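S.K.: dropping a prediction and its sequence here:
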Amino acid sequence: MRPTPLPVRLADSKHRAFTLIELLVVIAIIAILAGMLLPALAKAKDQGVRAKCINNFRQLMLATQIYASDYDEKYPWPNWGNPNGVAGWLYSFDSSQPTMAQRFVVTNGNLWRTFQSTNALQCPNDFKDPRIFQPYPTGRDQTLSSYCMNGALSGYQVWNGNGPFTRVVDFQPSDVIAWEQDERNTFYFNDAANYPTEGVSIRHKIGALTGTVGGQAEWMNKLAEWDPMATSPNKNALWCSPRSANGH
């Protein structure tokens, strides 16, 4: 006779389940790892955006230098105010158009022939935060660029029929002529030029990108570098108008 096979023990075929304590420990470990990794990932992402902005500013400064070399070393009109029909670095203003968006004619801008697109004039982090950016008509008038020129390029003066224009030799190589303006105030986008006191962007946390007369694209810390110069009554790299003794 064949021996009777032993019965299968059901207990041996079952999988051991996690206890509640073990599950909570695993969740806690995952949370700790996420807390360690997420800031590093956010920092890496911001550095990538900053690198794109640096490249944008290099292109902007190069285009500005090319324009000046073609026009007797004169800088383009910085779009200070919106004189009707006058071409500036970013656009010409046409008050006859029915909507504000149509009035900023980018294809007539002085630097358009170099850029042929506004992609290099916009920070990847701009136009994305609904707490900051509200599209026209409740937000910015001018939405072509995340960047602005320093009003020093016109001496902070309005158009008088033929300028005023400034020349490269009127400035120091380290003078700042472009930056990322503060997106929290939509009035700063009524044209494409600003005062230094109107501030810089907070998209990159503690600083913003700037462009200099010498063609450099530079990172500037807001608290340590920008604010002290912007609030100074004296001539410096931000307050660099050649039409006044104190640069204002």
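M.R.: That came through fine.
S.K.: need the strands for this structure, in chain order.
M.R.: Applying DSSP state E to the chain gives strands spanning 92-93, 104-105, 147-150, 176-180, 193-194, 207-212, 217-221.
S.K.: which elements pack onto the first one?
M.R.: By that I understand strand 92-93. strand 104-105 (3 or more Cβ pairs under 8 Å, 6 or more residues apart in numbering; DSSP states H and E). All C-beta atoms are positioned from the backbone trio N, CA, C, and that covers glycine.
S.K.: so how far is the strand it packs on off the chain centroid?
M.R.: 20 Å (Cα atoms, centre = their mean, to the nearest Å).
S.K.: out of the strands of the chain, the one nearest Pro76 is which?
M.R.: Pro76 lies closest, by Cβ to Cβ, to one member of these: strand 147-150, at 8.1 Å.
S.K.: residues in contact with that closest one?
M.R.: With Cβ atoms under 8 Å, 6 or more residues apart in numbering as the test, strand 147-150 has contacts from 56-57, 60, 78-79, 88-90, 121, 123, 175-181, 188, 192-194, 196, 238, 240.
S.K.: thinking again about what came up before, between the strands of the chain, which gets nearest to Lys52?
M.R.: For these, proximity to Lys52 was assessed by Cβ to Cβ; strand 207-212 is nearest, at 9.8 Å.
S.K.: sheet partners, orientation included, of the closest one?
M.R.: Using DSSP bridges, the strands paired with strand 207-212 in its sheet are strand 176-180 (antiparallel), strand 217-221 (antiparallel).
S.K.: so how far is that strand from its chain's centroid?
M.R.: 9 Å.
S.K.: for stretch 24-32, what is the average pLDDT?
M.R.: The average pLDDT for stretch 24-32 rounds to 78.
S.K.: ok, back up a step: rank the strands paired with strand 207-212 by pLDDT, which is bottom?
M.R.: Here the lowest mean pLDDT among the strands paired with strand 207-212 goes to strand 217-221, at a mean of 92.
S.K.: buried stuff in that strand?
M.R.: Under the neighbour-count criterion of 16 or more other Cβ atoms under 10 Å, strand 217-221 has Ala217, Glu218, Met220 buried.
S.K.: ok, how many other residues are close to Glu198?
M.R.: With neighbours defined by other Cβ atoms under 10 Å, the count for Glu198 comes to 16.
S.K.: residues touching the closest residue to it other than its chain neighbours, list them.
M.R.: Leaving aside its sequence neighbours, Glu198 sits nearest to Tyr188 (Cβ to Cβ, 6 or more residues apart in numbering; 5.1 Å). Contact analysis of Tyr188 by Cβ under 8 Å, 6+ apart lists Cys148, Gln181, Asp182, Asn194, Glu198, Gly199.
S.K.: show me what contacts Leu121?
M.R.: Leu121 neighbours (Cβ under 8 Å, 6+ apart): Asn56, Leu60, Leu90, Phe115, Leu144, Ser145, Ser146, Tyr147.
S.K.: Gly151 too?
M.R.: Pro78, Trp80, Ala193, Asn194, Tyr195, Ser241.
S.K.: now do stretch 70-86: distance to the chain's middle.
M.R.: Relative to the chain's own centre, stretch 70-86 is displaced by 22 Å; criterion: Cα atoms, centre = their mean.
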